[in-house]
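Student: This is a predicted model, with the sequence first.
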Amino acid sequence: MERLRGKVALITGAGGGIGRATAELFSKEGARVVIAEYDSGTGQQAADAITKAGGEALFIQTDVTDEASVINAVTETVRHFGALHVLYNNAGGSTMADGPLTEAPIDEFWRTVKLDLLGTWLASRHAIPAIVKAGGGSVINAASVVALMGWPGKDAYTACKGAIVALTRSMAVEFAPHKVRVNAVAPCTTRTPRVMAQLAASEATRKLVERHLVDLAEPADVANAALFLASDESARTTGHILAVDSGLTIS
């Protein structure tokens, strides 16, 4: 069953981790996929892997913090595939430089704001008109459980993910008349190389992880949630924050 047959999906930060897992899943479900990735090496590898598996994928080197780069990604997507139906604002992430707001460097705050929040804003700003022109579709934002519960040691990241949750709901109301659904996925700690390295270095995070009712999330778990939100199965779902959290936020 190809749940995304006929769809064109642009995924930011799709060179690895959750983004790549989602790109590969979307392709298997019939979508033509754009890998909008800053790292040209991992981005091209992701696109090549999809093509080798029989799918259609295009790599576009993209810096989501730069408006001209984002405009180019959307323009090239439509030029190459003829339309755009799904945007997954996956690019983002925290670093070990983050911490309590009394200690975290101001530069880390602005780095996180630019990558996570501004990146989501810019990609949505320029992709949504293309999605509307295609007759409607889906925008999926990357939130996090840190936006849904207290989480120590990541105040810059928490601030940005909380803003993305609020922005998701506002966008859902704004663009519903144009047949554009806007939702977010909110993963818990997910087994990507970057996250696992941070987990090993953070005692506070390890203690929170112990509260998971189920195991840590895998990239495929988040990709499956994004697939639902990208597909027509979620045609009546908008403004929703879908937690993929192994029960963390209810424990």
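Tutor: All right, it came through fine.

Student: only C-alpha atoms for contact and neighbour calcs from this point on.
Tutor: Noted.

Student: Distance check, the closest residue to residue 113 other than its chain neighbours against residue 89.
Tutor: Closest residue to residue 113 apart from its sequence neighbours, by CA to CA, 6 or more residues apart in numbering: residue 160 at 6.0 Å. In this view, residue 160 and residue 89 are 13 Å apart by CA to CA, to the nearest Å.

Student: what's the answer for residue 15, then?
Tutor: Separation of residue 15 from residue 89 (CA to CA): 13 Å.

Student: Same question for residue 146.
Tutor: As judged by CA to CA, residue 146 and residue 89 stand 17 Å apart.

Student: Please apply the same query to residue 144.
Tutor: From residue 144 to residue 89 the distance is 13 Å (CA to CA).

Student: So in the protein, where's the weakest helix or strand by average pLDDT?
Tutor: Within the chain, no helix or strand scores below helix 193-201, which has a mean of 61 by mean pLDDT, DSSP states H and E.

Student: any weak-confidence spans in the stretch 101-250 of the chain?
Tutor: 190-215 (pLDDT under 70).

Student: please redo it, this time with the cut-off set to 80
Tutor: The stretch 101-250 of the chain contains residues with pLDDT under 80 at 189-217.

Student: Can you show me the helices along it?
Tutor: 106-112, 119-133, 155-175, 193-201, 203-209, 219-230 (DSSP state H, counting those that start in this stretch).

Student: What are the buried residues along stretch 225-240?
Tutor: Using 16 or more other CA atoms under 10 Å as the test for burial, stretch 225-240 gives 225, 226, 227, 229, 230, 231, 238, 239, 240.

Student: Just the CA atoms from that stretch would do, formatted as CSV, please.
Tutor: What follows is stretch 225-240, C-alpha atoms only, in CSV (Å, rounded to 0.1, in the frame of the first residue of the first chain):
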residue,chain,number,x,y,z
ALA,A,225,4.2,9.1,13.0
ALA,A,226,5.3,11.6,10.3
LEU,A,227,3.9,9.2,7.6
PHE,A,228,0.5,9.3,9.2
LEU,A,229,0.5,13.1,9.3
ALA,A,230,1.8,13.3,5.7
SER,A,231,-0.8,10.9,4.3
ASP,A,232,-4.5,11.4,3.6
GLU,A,233,-5.3,9.3,6.6
SER,A,234,-4.8,12.4,8.7
ALA,A,235,-7.1,14.5,6.5
ARG,A,236,-9.1,15.6,9.6
THR,A,237,-6.1,16.1,11.8
THR,A,238,-4.6,19.6,12.2
GLY,A,239,-3.1,21.6,15.0
HIS,A,240,-2.2,18.3,16.8
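
Student: outside of that stretch, which residues touch it?
Tutor: Here stretch 225-240 makes contact (CA atoms under 8 Å, 6 or more residues apart in numbering) with 3-4, 22, 25-26, 86, 88, 137-140, 168-173, 181-185, 242, 244.

Student: Now restrict the residues you listed to buried residues only.
Tutor: For those, buried by 16+ other CA under 10 Å: 3-4, 22, 25-26, 86, 88, 137-140, 168-169, 171-172, 181-185, 242, 244.
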